[in-house]
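Asker: Okay, structure incoming, though there's no sequence with it:
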């Protein structure tokens, strides 16, 4: 056997699982003594292990045992005898029917050797059919032979697992094998001629399914309960946990090893227990078990196949709850000889927070017997008071407490008895453990002062812990979280309500405290801390005054496989030619072990180009490598779908798409600048097409601009249909000139002077004349405003002034013609009188239709013809 541990094989030792065979340091296997082989096949396991690193590697060796040759000492000429008389080609072709030479010529010997078993690994991914071996007879050179196989897996159920080409003799497996379903197959190979006549005797074929590690260990129970006495010595047996693996138990795939993952609490030591890695027996490993300090331990046990190899093996976990049982190792003793306490004027019962804090006599010990009575010489009994069930230890102390309660139906009346003097005795019901030399009882005096108050309800179990799987449907009843009202003999009702429910997942019945789900509980929610969801509830009575108490419910959610894995990363880059670089991929799963890794990465069969161009290589349970299968892939961005499956039960899978940028690379495996542009998703053809489209678009814009320029030029060069002298557009005059021009010299400045008489105006030649002079006449008298006006005279004064101004002819504006501007003499425009209407009908107005849309109205009015 050949072995290489990549470190020079220094110190590597070999061993087998058989006492009959040994392996030398160079890997040579030899028989330790004379061995008689009982069968024709022997399977051994050879183990190589390194004492320094404790690494172990195994290989399976199969020996084929044949009968001794009948021709001892005589070897045919030209024939070399192989070890074990095994005649098999270096390829996958078997010649089960061979010819022997003799003095009389060729002679066939019937089945003088055994065909070695054919090994087929389970869970093969194909492609199918997958060739296993080729079987042929050396007579096929002389005649045409047809081959066939029979047996379970061929022509017997399960049918057509194996097939054979009748002409070539190639034998195939048609689908993946499952060793857990069937571990081996026994077939028979037949060779006949074209007429169906037997040419060779049938040959036995043994096909063994090689086991793969595809099943994780499964515990018989998820929760194991055990107990151990406090003070037990190291090595004390506690319990046994068992996990089964469906894989082959003779190989490492089915060899389960156990280990303790966590211990809660880690007191007084974090390693209080150990487990036998092979048998699963849990025993104590340290002293110090004390029930008064820790009553229960929760141990998480992990089972791993592959002989406990955490890197390659599959694991599963279970919970072991170990209860520390009590032994009588502490005598009772009161902390004080006299106690004075106050109590409500009503019966007292164990469990009330007020009763516990006020009536507790803390006593070290366990399993106490309490008695109460008057002081001696009377017996230690009392008609009204007795002890309720003791409880403890209280909080984290080593003290126990008992509450004094009303005996039977006796009532404590505050108006009749305001105080009681009692004597309390405590003793062990069982004798102390061996070696304890102390008194078995103790007494104390108790003074009880009675008060009358209302006590709050309380939850007996606080915090209350329940365990269930996540994902339970809405409306599921989880538990009943009820409170106790210490005011037992008062007619009070307890009502329940939510005080804190961060995710609003729970509902509580206001009457009986039944807890139901209001939504689906999700372990992956942000409201979950260490797999525990915590809610607080309020219990309130209707006393005067009302009193209330709170209780905390803790829900431990067991993870189920409800989250499919997600592929990481989402984008990557690779060179267009293989063997330069690869893409490392992994997966993320919101679940926890064992519903996460190891993951299975595979490419989908559709579309076919994915498996044609890409391949995935598994690195370990959490990582794989994506690389090119073909020798060259054009640069660009490719969406590569990858199916990722987790190891949950049942497993979940998710098809994620990784965007891979394929680009040309330099000698260092880095993407070049040109390659980066090409890999952006635009090939050379696409870039050329885009450039052509841009050129065509620019050409169209340029042609449009030229056409618009030409049209504008034609519009400016178009001749008017009328005479330029009659064009009204040439008769526009500007009226905003304020002088300075030559034509303004024609003004008669005398017109702007005040005339003495109207003669020069009346005698002036026709033209522009001004008569806006002030008339000559007596000026009216306006009223004089008094120096000190009276408020009542203001209106009269304004009205008189208004009448005087209206009747004053000398006050502007004057009633005369006003000239506001002078346009000069002469005009280039014709007389407007030339546009007068004519009833003769000789005028032709059809030319108005050619003047454009601005004259369309006139054209419709005058150019309509005779009917207009």
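Answerer: Good, I have the coordinates. None of the values given here were measured: they were computed from a predicted structure. Numbers count the residues shown, from 1 in each chain.

Asker: what about residue 220, how many neighbours?
Answerer: Other residues near residue 220 come to 10 when the count uses other CB atoms under 10 Å. All C-beta spots, glycine's among them, are computed from the backbone N, C-alpha and C.

Asker: Who are the packing partners of the helix or strand hosting residue 119?
Answerer: Using DSSP states H and E, residue 119 sits in strand 118-121. Strand 118-121 is packed against strand 130-137, strand 198-210, with contacts defined by 3 or more CB pairs under 8 Å, 6 or more residues apart in numbering; DSSP states H and E.

Asker: redo that, cut-off 10 Å
Answerer: strand 130-137, strand 170-173, strand 184-193, strand 198-210 (3 or more CB pairs under 10 Å, 6 or more residues apart in numbering; DSSP states H and E).

Asker: of all the ones you listed, which lies closest to residue 159?
Answerer: Evaluated with CB to CB, the helices and strands packed on strand 118-121 place strand 184-193 nearest to residue 159, the distance being 12.4 Å.

Asker: So, low pLDDT: which residues of the stretch 301-450 of the chain?
Answerer: 343-384, 387-402, 405-417, 433-438, 440 (pLDDT under 70).

Asker: one more time with 50
Answerer: For the stretch 301-450 of the chain, applying pLDDT under 50 flags the ranges 347-366, 373-380, 394-397.

Asker: Show me the helices in the protein, by range?
Answerer: For the chain, helices defined by DSSP state H occupy the ranges 305-308, 353-359, 608-613, 673-679, 684-717, 759-762, 794-806, 856-862.

Asker: mind listing what residue 513 touches?
Answerer: 459, 479-483, 494-496, 537, 539, 551 (CB atoms under 10 Å, 6 or more residues apart in numbering).

Asker: Equivalent analysis for residue 168, please.
Answerer: Contacts of residue 168 (CB under 10 Å, 6+ apart): 93, 134-136, 140, 147.

Asker: same thing with residue 236?
Answerer: 228-229, 273, 283-285, 287, 289.

Asker: could you redo these as CSV and give each row neighbour count?
Answerer: Converted to CSV, the contacts of residue 236 look like this (neighbours: other CB atoms under 10 Å):
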residue, neighbour count
228, 22
229, 14
273, 24
283, 17
284, 20
285, 15
287, 14
289, 23
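
Asker: what's the closest of the residues you listed to residue 672?
Answerer: Closest approach between the contacts of residue 236 and residue 672, by CB to CB: residue 273, at 61.9 Å.

Asker: For that closest one, which residues count as its bridge partners?
Answerer: Beta-bridge partners recorded for residue 273 (DSSP bridges): residue 284.

Asker: Least confident secondary structure element in the chain?
Answerer: helix 353-359 (a mean of 37; mean pLDDT, DSSP states H and E).

Asker: can you pull the buried residues of stretch 254-273?
Answerer: Buried residues in stretch 254-273, counting neighbours by 16 or more other CB atoms under 10 Å, are found at 254-258, 260, 263, 272-273.

Asker: The residues you listed in strands, which ones?
Answerer: 257-258, 260, 263, 273 (DSSP state E).

Asker: Pop out the phi and psi values for the residue nearest the centre of the chain.
Answerer: In the chain, the C-alpha nearest the mean C-alpha coordinate belongs to residue 590, at 5.0 Å (CA atoms, centre = their mean). Dihedral angles of residue 590 (phi, psi; degrees, to the nearest 10) stand at phi -70, psi -20.

Asker: And residue 115, how far from residue 546?
Answerer: To residue 546, residue 115 is 90 Å away according to CB to CB, to the nearest Å.

Asker: which one of these two has more residues nearby?
Answerer: Using other CB under 10 Å as the criterion, residue 115 and residue 546 rank with residue 115 on top: 19 against 12.

Asker: distance of that one from residue 211?
Answerer: Distance from residue 115 to residue 211, by CB to CB: 22 Å.

Asker: same question, residue 850
Answerer: From residue 850 to residue 211 the distance is 104 Å (CB to CB).

Asker: more neighbours, those two?
Answerer: The neighbour comparison of residue 850 against residue 211 (other CB under 10 Å) goes to residue 211, with 23 against 11.

Asker: Let me know whether the more buried one touches residue 183 as I believe.
Answerer: Yes: counting by CB atoms under 10 Å, residue 211 does reach residue 183; the two are 8.0 Å apart.

Asker: shared neighbours of these two, anything?
Answerer: 122, 248.

Asker: about what we covered before: any idea which of the helices of the chain is most buried?
Answerer: Neighbour counts (mean count of other CB atoms under 10 Å) averaged over each of the helices of the chain peak at helix 305-308, with a mean of 21.

Asker: got a list of contacts for it?
Answerer: Taking CB under 10 Å, 6+ apart as the rule, helix 305-308 contacts 56, 58, 213, 215-217, 243, 245-247, 249, 251-259, 277-278, 302, 312-316.

Asker: Could you tell me the least trusted of the helices of the chain?
Answerer: Per-stretch mean pLDDT for these is lowest at helix 353-359 (a mean of 37).

Asker: where along the stretch 551-700 of the chain do the strands fall?
Answerer: Remark: strands assigned in the stretch 551-700 of the chain by DSSP state E, counting those that start in this stretch are 566-568, 571-575, 583-588, 600-602, 614-618, 623-628, 636-645, 653-663.
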